[in-house]
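Engineer: structural data only, the sequence is not supplied:
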């Protein structure tokens, strides 16, 4: 079968994805397995909060496939698309499909909740979130409960996300992973998009990320001082 190379994901979006994967793995390990990495848990949590803020902004001003307007569809559209997943027919989308778009929103929402609630938490031993001292202990206790619950839900969604990717590969013969690694994917002739997607400069992404990190890092220092 003749194929064409189609560019789908820009570099900032791909870096966000894989750095986030590594970051979440570290956050789980440092909280659940190691007893000596809670200081780094807090630092990486701050980093990931800035990363999520960057992705939200990139969803409005970034490359076409990364913009929310390009993949967030109505719930009815997402449900109708989900009903087609039982078909073994390959499924090609220049970006997130209608159901996957809502998965992105759910993951970003949970990550934002994780990052914000983590600012008000404490391990009751050595490490306190930068804003822990600004709220009563009762509020911090609520934040800790939400922080733990949101992370458990996040883990379930991640497992589901991986299962869907495997389902696409095995059942629908559509490999979604290469495009998120290389930026491009081989599409069968006749399924390629009518036009090439529009992409923003990676330098814009770097500037936005640096701005997000500076705002989070120095903003928290100012609030906690």
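Structural biologist: Alright, I've got the coordinates. Note that the structure is predicted; figures quoted are calculated from it, not measured. Numbers count the residues shown, from 1 in each chain.
Engineer: what residues does residue 217 make contact with?
Structural biologist: Residues counted as contacts of residue 217 (C-beta atoms under 8 Å, 6 or more residues apart in numbering) are 46, 50. For every residue, glycine as well, the C-beta is placed using N, CA and C.
Engineer: make that residue 10, sorry
Structural biologist: Residues near residue 10 by C-beta under 8 Å, 6+ apart: 62, 63, 65, 66, 183, 199, 200, 202, 205.
Engineer: wasn't the third one part of a strand?
Structural biologist: No. Per DSSP: H, G, I helix; E, B strand; the rest coil, residue 65 lies outside any strand segment and is helix.
Engineer: isn't it right up against residue 12?
Structural biologist: No. With contacts counted by C-beta atoms under 8 Å, residue 65 stays clear of residue 12, the gap being 11.3 Å.
Engineer: which of the two has more residues huddled nearby?
Structural biologist: Neighbour tally, residue 65 and residue 12, criterion other C-beta atoms under 10 Å: the higher count belongs to residue 12, 24 against 20.
Engineer: quick one, phi/psi of that one?
Structural biologist: phi -60, psi -40 (degrees, to the nearest 10).
Engineer: not counting its neighbours along the chain, what's nearest it?
Structural biologist: Closest residue to residue 12 apart from its sequence neighbours, by C-beta to C-beta, 6 or more residues apart in numbering: residue 205 at 3.0 Å.
Engineer: also residue 87?
Structural biologist: residue 172 is the one closest to residue 87 (C-beta to C-beta, 6+ apart), at 7.6 Å.
Engineer: before we move on, what SS does that neighbour have?
Structural biologist: Here residue 172 is coil, with the state taken from three-state DSSP.
Engineer: over to residue 82?
Structural biologist: Residue 82 ends up helix, using three-state DSSP.
Engineer: on that earlier part again, hmm, the residue nearest to residue 87 is touching residue 86, no?
Structural biologist: No. Between residue 172 and residue 86 there is no contact, the gap being 9.9 Å when judged by C-beta under 8 Å.
Engineer: next SSE after whatever helix or strand residue 149 lives in?
Structural biologist: Taking DSSP states H and E as the criterion, residue 149 maps to helix 137-170. For helix 137-170, the following helix or strand on the C-terminal side (DSSP H and E) is helix 177-182.
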